[in-house]
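Novice: Could you work out the structure for the sequence below:
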Amino acid sequence: MEETKTQVLGSPEGLTPAQIVEKLDTYIIGQEKAKRHVAVALRNRQRRIQLPEEIREEVAPKNILMIGPTGVGKTEIARRLAKLCGAPFIKVEATKYTEVGYVGRDVESMVRDLMAVGYNMVKAETQEKLKAKAEPLVEEELLDLLLPGSSAKKNTKHSEKKPNVQIMGNIFGDKSPVEGSVIQIDIPKKTEGENTTPAQEANVSQKEEAEQTKNENTGDMSATREKFRQMLREGKLEDRSVDITVTQQPHFDGIGMFGGGNPEEIEQGIQSLQEMFAGGRSRRKSVTVHEARQILMAENLDRLTDSDKVADEAKERVEQSGIIFIDEIDKIATKGGEGGRQNVSREGVQRDILPIVEGCDVNTKWGVVNTTHILFIGAGAFSLSAPSDLIPELQGRFPLRVELEALTKADFKRILTEPKNALIKQYEALLATEGVTLNFTEEAIDRLAEIAEDVNSHAENIGARRLHTIMEAVLEELNFSADIHKGENIAIDAAYVNEKLKGVVQNQDLERYIL
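Specialist: Below you'll find the model as predicted:
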């Protein structure tokens, strides 16, 4: 058990907080304080796994509440964090849930969704290990499709000789102690020295000739099968078409169907239930060998996978290292003194979320999941409300609060160029597919960052997402007519940026609508 727990979060050493921050810096610019908090939270989970059993259960995760405007990196920090530790992670919107008794999704569905993510994660890892065992099976099935009737197993089965026996009738007559009693007597074959009639000899000769012909045909089919096997391994048959029967296994989630799901989920659940009773849908389709290999591989991996073992490991991983990111949590906060049905519903959602954050048992299709040690990260802009507008009990369950800072010109400039998925790198790669080479000058990047900061200060502050709208406005004409500029090197300088955004930047009213 100790080894399993260690594997859930990596080696005992794992990543140090400094290493975690360094890896987050690869994709996220700024927000050092938030990165430090999530890095420590992750490290504490690794430390907890190394504690003795009696202490481990008493150490609860320190849930985090991120406060900051949209587009400053709240979601990205949590998403990259989950990838670093290989933990089951899910991002949910607090506004999607309704109070128990109202039509909509119940808050427990977030735990069921997390369990589904964990199950699929463990299943993928398990099947990756089983691929070597499944490949020979897939190869034999592909050869059966390419050469029907050439299977060695089938030939062996049909070539097995029946024992030389004779079944006699009821040897006890009408007074048999057991009704229908029969006796089986082995009849020995005649030896060469024994006398046989000419008719018997002719019959034996015909049988031997037929058997010899059959063996020759089997040998020819076996040789042909081996030739096809070699061609299959060399990839020479990938485009050949074969007919294959595909069975779609029904998926039925009874918990989701009867656990307060929305009307679409209930309808899907009823349809899946009907398919399950019908045994799934089977249909024959013509596909290439390449596609058939993928289909057969998936079927064989499903047969080889121990679903109960996968479910147990996934449950352990979800309970010990799962992360639920609750976005827009500020939208369910109620401003003090305000009444109305809407605020009552918001408070109801908070009360429903509270026991899940505190720790409770939730029924899923893979078993009961305890949420005591799941890490919850809440996030919201809190522009129209404050964290103090949440109910006190829920506030207390998010002891760590991090305020993310608004992005500056220097941050925008780094976002455009430094991360692995930097925006400028993306546009350069996209237009390179059309044979167009973009060259952004330092002055152009400065100007783009300056405009983004200026527009965010005058209009709604949407953080780094502002860069997307600005880049689209600057490259709109070039994106449309890229085929005309094939083979050209186009320089994007400050003058080019000013020309494309002229009028928009000068007119503050247009900024609100265009950028």
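Novice: If you tally nearby residues, what's the number for M231?
Specialist: Residues within reach of M231, counting by other C-beta atoms under 10 Å, total 14. Placement of C-beta: from N, CA and C, glycine included.
Novice: per-residue pLDDT, A87?
Specialist: Reading off the confidence values, A87 has pLDDT 84.
Novice: looking at it, it is touching R317, isn't it?
Specialist: Yes: the pair formed by A87 and R317 meets the contact definition of C-beta atoms under 8 Å, at 7.3 Å.
Novice: my guess is K420 contacts I28, does it?
Specialist: No: counting by C-beta under 8 Å, K420 does not reach I28; the two are 10.8 Å apart.
Novice: So between the two, which is more surrounded?
Specialist: I28 (21 against 7).
Novice: Any stretches of the stretch 251-400 of the chain with poor pLDDT?
Specialist: 251-281, 335-344 (pLDDT under 70).
Novice: Now do the strands in it.
Specialist: 281-288, 323-327, 361-364, 367-370, 375-380, 400-403 (DSSP state E, counting those that start in this stretch).
Novice: The ones you listed: which one's closest to D389?
Specialist: Nearest to D389 among these is strand 375-380; the distance by C-beta to C-beta comes to 10.5 Å.
Novice: hang on, I377 packs against N63?
Specialist: Yes: look at I377 against N63 with C-beta under 8 Å: they come within range, at 6.9 Å.
Novice: neighbour-wise, which of those two wins?
Specialist: Remark: of I377 and N63, I377 carries more neighbours, 29 against 20, as counted by other C-beta under 10 Å.
Novice: can you tell me how far the more buried one sits from L394?
Specialist: 14 Å (C-beta to C-beta, to the nearest Å).
Novice: and if you look at T245?
Specialist: Taking C-beta to C-beta, one finds T245 at 53 Å from L394.
Novice: quick one, which of these two is more surrounded?
Specialist: Neighbour count, other C-beta under 10 Å: between T245 and L394, L394 has more, with 22 against 9.
Novice: need the contact list for the more buried one.
Specialist: L394 makes contacts with 350, 353-354, 357, as judged by C-beta atoms under 8 Å, 6 or more residues apart in numbering.
Novice: if we go to 6 Å?
Specialist: 350, 354 (C-beta atoms under 6 Å, 6 or more residues apart in numbering).
Novice: Check whether E460 sits in a helix, strand or coil.
Specialist: Per DSSP: H, G, I helix; E, B strand; the rest coil, the local secondary structure of E460 is coil.
Novice: Can you read off the backbone torsions of it?
Specialist: E460 has phi and psi values of phi -70, psi 140 when expressed as degrees, to the nearest 10.
Novice: And A429, by the same measure?
Specialist: Dihedral angles (degrees, to the nearest 10) for A429: phi -70, psi -40.
Novice: what's around it, how many residues?
Specialist: 10.
Novice: Kindly report the same for the one 5 residues further on.
Specialist: Around E434 sit 16 other residues, with neighbours defined as other C-beta under 10 Å.
Novice: so how far is L423 from it?
Specialist: 18 Å.
Novice: and if you look at Q127?
Specialist: 36 Å.
Novice: again with D106
Specialist: In terms of C-beta to C-beta, D106 sits 39 Å off from L423.
Novice: One more: R466?
Specialist: For R466, the distance to L423 - C-beta to C-beta - is 11 Å.
Novice: More neighbours: which of those two?
Specialist: R466 (23 against 18).
Novice: Nearest residue to that one in space, ignoring adjacent ones along the chain?
Specialist: A452 (4.7 Å; C-beta to C-beta, 6 or more residues apart in numbering).
Novice: contacting residues for the one you found?
Specialist: So A452 contacts 412, 466-467, 470 (C-beta under 6 Å, 6+ apart).
Novice: Just to be sure, it is in a helix?
Specialist: Yes: counting by three-state DSSP, A452 falls inside a helix.
Novice: For it, report the pLDDT, please.
Specialist: 90.
Novice: avg pLDDT for stretch 419-439?
Specialist: 91.
Novice: Give the buried residues for it.
Specialist: Across stretch 419-439, burial judged by 16 or more other C-beta atoms under 10 Å covers 419, 422-424, 427-428, 431, 434, 436, 438.
Novice: now swap in stretch 135-146 and tell me
Specialist: Of the residues in stretch 135-146, those buried (16+ other C-beta under 10 Å) are 137-138, 141-146.
Novice: Same question for stretch 448-467.
Specialist: Neighbour-count burial for stretch 448-467 [16+ other C-beta under 10 Å]: 448-456, 459, 461-464, 466-467.
Novice: can you check stretch 80-93 too?
Specialist: Quick answer for stretch 80-93 (16+ other C-beta under 10 Å): 80-82, 84-85, 87-92.
Novice: List the residues that contact L130.
Specialist: 301, 304.
Novice: Tell me how far it lies from A223.
Specialist: 31 Å.
Novice: One more: V318?
Specialist: 53 Å.
Novice: So those two - more neighbours on which side?
Specialist: V318 (31 against 11).
Novice: Return stretch 133-149 as PDB; C-alpha atoms alone will do.
Specialist: This file holds the C-alpha atoms of stretch 133-149, laid out as PDB (Å, rounded to 0.1, in the frame of the first residue of the first chain):
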ATOM      1  CA  LYS A 133       0.500  -8.300 -24.900                       C
ATOM      2  CA  ALA A 134      -2.300  -7.200 -27.200                       C
ATOM      3  CA  GLU A 135      -0.300  -6.700 -30.300                       C
ATOM      4  CA  PRO A 136       0.100 -10.400 -31.200                       C
ATOM      5  CA  LEU A 137      -3.600 -10.900 -30.700                       C
ATOM      6  CA  VAL A 138      -4.400  -8.000 -33.000                       C
ATOM      7  CA  GLU A 139      -2.000  -9.300 -35.600                       C
ATOM      8  CA  GLU A 140      -3.700 -12.700 -35.700                       C
ATOM      9  CA  GLU A 141      -7.200 -11.100 -35.900                       C
ATOM     10  CA  LEU A 142      -6.000  -8.900 -38.800                       C
ATOM     11  CA  LEU A 143      -4.700 -12.000 -40.600                       C
ATOM     12  CA  ASP A 144      -8.000 -13.700 -40.100                       C
ATOM     13  CA  LEU A 145      -9.700 -10.700 -41.700                       C
ATOM     14  CA  LEU A 146      -7.300 -10.600 -44.600                       C
ATOM     15  CA  LEU A 147      -7.300 -14.400 -45.100                       C
ATOM     16  CA  PRO A 148     -10.600 -15.900 -43.900                       C
ATOM     17  CA  GLY A 149     -10.300 -19.600 -42.900                       C
END
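Novice: Now do it, average pLDDT.
Specialist: 87.
Novice: Stretch 23-36 too?
Specialist: 88.
Novice: Relative to the whole chain's centre, how far out is that stretch?
Specialist: Using C-alpha atoms, centre = their mean, to the nearest Å, the mean C-alpha position of stretch 23-36 is found 25 Å from that of the whole chain.
Novice: for stretch 346-364, same thing?
Specialist: Centre to centre, stretch against its chain (C-alpha atoms, centre = their mean), the figure for stretch 346-364 is 25 Å.
Novice: Repeat that for stretch 296-311.
Specialist: So, by C-alpha atoms, centre = their mean, the centroid of stretch 296-311 is 16 Å from its chain's centroid.
Novice: which outside residues touch that stretch?
Specialist: 122-123, 126-127, 130, 134, 137-138, 141, 366.
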